[in-house]
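In: the following comprises the amino acid sequence and a computationally predicted model.
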Amino acid sequence: MAFPALSLTAAVVINVVIWVVVWVTTTGLSSGTVDDPDQWVAEPIVWIGLVASVLLCTFASIYFTAALTYGAWERFQGRTPTFESCISAANARLHIIVPWAILAGIVGVIIELLYRLPRIFRYMEQAGRNIPVVGHFAAIGTMIVAVLLESIWYFVTYLVVPILVVEETGPIASCKRSFQLFRKTWGKSLIAQVAFDLIGLLIALPGLALAALIVLAGLGNPAALVIGIGIGVAWLLVVIVAMSAIVGIFKMALYLYVTTGEVPREYQGPDLEKAFAGYSFLKVERRTRKPRGKAQDPEAS
């Protein structure tokens, strides 16, 4: 869990530093004018800050995920990884992590701009500028395109980090390889991701409910508000970090299963193996179970 925690911390630090620098070096920039296209033209540091933020956060995420993935790989091979060995492995793969981070970051910037376009149109409309009807439809269309592009990109690159760690191929080759493997595991990948999201939500609910109860019980009391919000935020951060670690480990296990045909030892067992088994396996299992259900008890006969 240390690696997702470090990734989250790095993202917060990167964004705070970059946007403080952007705010200090610009004139009149605020949360209300950050979506003003004129501000982007007059102050190039705004979009430079956006690009730098996305690229650096992407690199931090991939770097620490690679360290986590290497640790999972070592464990699945029967070895005992350490924090230092995982960081060393990530450092040894910087020559492939950096190019992949740049490629993924560029895609991230494009997606971020697509998400921001409706807000830019909204700001221009509030500023009294005439936005044609087609502009509103274009804004909705860009949101749909952004969601679809983000989802497709996520699942096409679902196994890129395990490939980078194990096969040490370049970004384009790793992306092609990930897509090739994804076509074999798209059902498992989709179901697993939805399941992990639901599990994370279910785990988060008790902490959020506790935080809400504390705030409501001490309504009007600033201390209760601070304690309630603190508990809620801390609980959410723990859940996010834990689920990120679990997903990273699962991706490594799924990669090993797809490339070797064997379920890692830590996932072996009748129930866990079904998470990796294909339809043919389940079909055979149903066939073997069917006669058992119809068999008569010898004592009864």
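Out: That came through, no problem. Numbering: from 1, shown residues only.

In: which residue is nearest the centroid of this structure?
Out: Ser244 (7.3 Å; Cα atoms, centre = their mean).

In: ok, and for the helix or strand containing that one, which residues are buried?
Out: Ser244 is part of helix 222-260 when elements are defined by DSSP states H and E. Using 16 or more other Cβ atoms under 10 Å as the test for burial, helix 222-260 gives 224, 228, 231-232, 235-236, 239, 241-245, 247-259. Where you see a C-beta, it was placed from the backbone N, CA and C, and this is true even at glycine.

In: list the helices and strands the helix or strand encompassing Ala146 packs on?
Out: Secondary structure from DSSP H and E places Ala146 in helix 133-156. If you count contacts as 3 or more Cβ pairs under 8 Å, 6 or more residues apart in numbering; DSSP states H and E, helix 133-156 packs onto helix 94-126, helix 171-217.

In: got the angle between the helix holding Ser244 and helix 171-217?
Out: Helix 222-260 and helix 171-217 are oriented at 150 degrees to each other (axes from the mean of the first three to the mean of the last three Cα atoms, to 10 degrees).

In: elements contacting helix 222-260?
Out: Judged by 3+ Cβ pairs under 8 Å, 6+ apart, the packing partners of helix 222-260 are helix 2-25, helix 45-76, helix 160-166, helix 171-217.

In: quick one: contacts of the shortest one?
Out: So the one you mean is helix 160-166. Among residues not part of helix 160-166, those counted as contacts by Cβ atoms under 8 Å, 6 or more residues apart in numbering are 62, 65-66, 69-70, 73, 89, 93, 96-97, 100, 169, 174-175, 177-178, 181, 248, 251-252, 255-256.

In: among the residues you listed, name the buried ones.
Out: 62, 65-66, 69-70, 73, 89, 93, 96-97, 100, 169, 174-175, 177-178, 181, 248, 251-252, 255-256.

In: about what we covered before: test my guess that the residue nearest to the centre of the chain contacts Pro4.
Out: Yes. Contact between Ser244 and Pro4 holds when scored by Cβ atoms under 8 Å: they sit 3.7 Å apart.

In: dump the residue contacts of the nearest residue to Ile199 once chain neighbours are set aside.
Out: Distances taken as Cβ to Cβ, 6 or more residues apart in numbering put Met243 closest to Ile199, at 7.1 Å, once the chain neighbours are dropped. Residues in contact with Met243 (Cβ under 8 Å, 6+ apart) are 196, 199-200, 203.

In: switch those residues over to TSV; also include neighbour count.
Out: Converted to TSV, the contacts of Met243 look like this (neighbours: other Cβ atoms under 10 Å):
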residue	neighbour count
Phe196	15
Ile199	14
Gly200	18
Ile203	15
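
In: pLDDT value on the closest residue in space to Thr25 that isn't next to it in sequence, please?
Out: Excluding the flanking residues, the one nearest Thr25 by Cβ to Cβ, 6+ apart is Ile45, at 5.5 Å. Looking at Ile45, its pLDDT stands at 78.
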